[in-house]
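Engineer: here is a sequence together with a model predicted from it:
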Amino acid sequence: MPQDLGVALAEVRALLFDPGLTRAVAAGRRRGQTPSVVRAELRPVTLKAGPRLQVVTDDGARPYTRNVRFGPEAEAAVDALLAEPFGNWYVETATSTVQLRVTKRGEAQLHRAPARRPQPDRAEASVRAAGPGGDAEGDPPADRPARPATGHDRVRKHLLDPGDPLFATIGGSAAKRRQVDAFLRALDATLPAGLTGPLRVVDLGCGNAYLTFAAYRYLTGRGIEVELVGVDVREDQRRRNTALADQLGYGDRVRFVAGTILDAVVEPAPDLVLALHACDTATDEALARAVWWGARWVLAAPCCHHDLAAQLRAHPAPAPYDPLVRQGILRERFADVLTDALRAALLRLHGYRVEVVEFVDSQHTPRNLLLRARRTGAAPTARQRDDYAGLVSQWRVTPRLETLLTAPGPARS
């Protein structure tokens, strides 16, 4: 329920000085306004000189860290940040989490939840047992309650905090958090540093949309203005996901439509296309739409590969490669590799630079490849054309993506 922004910021301010403060993050921007920094993070730390409030601000080029004394110095630093036109605040304490989002009308939407600490896996347990940075020296003054042990040396952090209230809504098993983190790292590596938006994103075949919501939460936390559309063929999924977006307070920036990947109405054209585990030729349809839109970035994690596997069964293998496909299990695995190699080659022929990387560790899913593409507009080289033509000719296959991209008729939107 929207409320007065000043009242909401006063609640955030009180939490920033709560003795149980764990961390706080401010990012994003309000409509028509731009903060002086793209992101700010606050957390209590214990130094040899005593407890301090660590303030890390990022101007888009590099982070700048200050450790300020509690009292007037910390109050001045906090008030300066609260005066910035950030679009989002996330505050975590030992007992609660609060997320503030500023609407287009300049009102505040607050999401409050009890602190949620899922059972940590072994790596997380070792980090928490030692504290974020190992042993801290110096006791807090007697007039200040003890704060969580903190420091500076840390192991690799989750890009989206496991205690984020998002996981209370979408579910937060350790396996899901690992997959979310792996996906966000791939997304982070794809987009350029300093990007502020507006960034239009579409998730084709979004299903239950937990990665859709994670992408939105992470990108806005990076200070990027995001408009996101999720597409799924099922109307019941659209209704469910829309209700979740409203529950999370994302309803005015995240919407869902029901329709096929090829025909769903998505306007305006997106900058970033996601297609995560779209089954078989649905991945080809998502890649084709990305090319038709001229999307700047594409992240596609293919799922099953039945189409080319069937084509390989229909023809004898070229010599001397019959042993590669004679056994069914080898043929299926080779079809996986050939399908994604040809997808990457076709994207290169249409002006994309493409990498094929591991999406998440294979112990979590065998479908762990990710096609990561960035549009350059470069014309294909003669060698790229010859390599693609040689593969499809020798193996006597016609990829679904080629059929879509070469079909006659008006350009698809």
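Structural biologist: It's in. Residues are numbered from 1 along each chain as shown.

Engineer: so where's the longest helix in the protein?
Structural biologist: Counting by DSSP state H, the longest helix found in the chain is helix 328-349.

Engineer: what's around Phe67, how many residues?
Structural biologist: No Phe there; residue 67 is Asn. If you count neighbours by other CB atoms under 10 Å, Asn67 ends up with 17. To be clear about C-beta, it is placed using only N, CA and C from the backbone, and glycine gets the same treatment.

Engineer: sorry, slip of the keys, the one I care about is Arg385.
Structural biologist: The burial count for Arg385: 13, using other CB under 10 Å.

Engineer: what residues are up against it?
Structural biologist: By CB atoms under 8 Å, 6 or more residues apart in numbering, the contact list for Arg385 reads Leu349.

Engineer: swap in Leu312?
Structural biologist: Per CB under 8 Å, 6+ apart, neighbours of Leu312: 325, 331, 334-335, 338, 395, 397.

Engineer: over to Pro165?
Structural biologist: Applying CB under 8 Å, 6+ apart, we find Pro165 in contact with 97, 99, 111, 113, 116.

Engineer: for the contacts of Leu312, work out which two are farthest apart.
Structural biologist: Across these, the longest distance by CB to CB is 12.4 Å; it joins Arg331 and Val397.

Engineer: ok, Glu41 touching Ala24?
Structural biologist: Yes - here Glu41 reaches Ala24: they are 7.0 Å apart, a contact under CB atoms under 8 Å.

Engineer: who has more neighbours, these two?
Structural biologist: Neighbours were counted for Glu41 and for Ala24 using other CB under 10 Å; Ala24 has more, 23 against 18.

Engineer: Leu53: what's it in contact with?
Structural biologist: Here Leu53 is in contact with 42-45, 67-70, 74, 77-78 (CB under 8 Å, 6+ apart).

Engineer: let me know the outermost residue of the chain.
Structural biologist: Ala319 (43.9 Å; CA atoms, centre = their mean).

Engineer: which residues are in contact with that one?
Structural biologist: Going by CB under 8 Å, 6+ apart, the list of residues near Ala319 is empty.

Engineer: residue ranges of each domain in the chain, please.
Structural biologist: The record's domain parsing of the chain by automatic domain parsing lists 5-130, 165-406.

Engineer: just the terminal-to-terminal distance for the longest one.
Structural biologist: Using CA to CA, to the nearest Å, the end-to-end distance of domain 165-406 comes to 45 Å.

Engineer: let me see the ranges of the helices in the stretch 1-150 of the chain.
Structural biologist: Assigned by DSSP state H, counting those that start in this stretch, the helices in the stretch 1-150 of the chain fall at 5-16, 72-83, 122-130.

Engineer: would you mark the buried spots in the first one?
Structural biologist: Counting neighbours by 16 or more other CB atoms under 10 Å, one finds that the buried residues in helix 5-16 are 5, 8-9, 11-13, 15-16.

Engineer: now for it, which elements pack on it?
Structural biologist: strand 21-27, helix 72-83, strand 88-93, strand 96-102, strand 108-114 (3 or more CB pairs under 8 Å, 6 or more residues apart in numbering; DSSP states H and E).

Engineer: could you check the angle it makes with strand 21-27?
Structural biologist: Interaxial angle, helix 5-16 versus strand 21-27 (axes from the mean of the first three to the mean of the last three CA atoms, to 10 degrees): 140 degrees.

Engineer: can you tell me what sits against helix 5-16?
Structural biologist: Applying CB under 8 Å, 6+ apart, the external contacts of helix 5-16 come out as 21, 24, 42, 78-79, 82, 89, 91, 93, 96, 98, 100, 102, 106-108, 110.

Engineer: okay, the angle between that helix and strand 88-93?
Structural biologist: Using the same axes, to 10 degrees: helix 5-16 against strand 88-93 is 30 degrees.

Engineer: so for helix 5-16, mean pLDDT?
Structural biologist: For helix 5-16, the mean per-residue pLDDT is 92.

Engineer: centre of the chain to that helix, how far?
Structural biologist: 28 Å (CA atoms, centre = their mean, to the nearest Å).

Engineer: can you select the buried ones from the contacts of helix 5-16 in ChimeraX?
Structural biologist: Isolation of the buried members of the contacts of helix 5-16 (16+ other CB under 10 Å) is achieved in ChimeraX through the command below:
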select :21,24,42,78,82,89,91,93,96,98,100,102,108,110
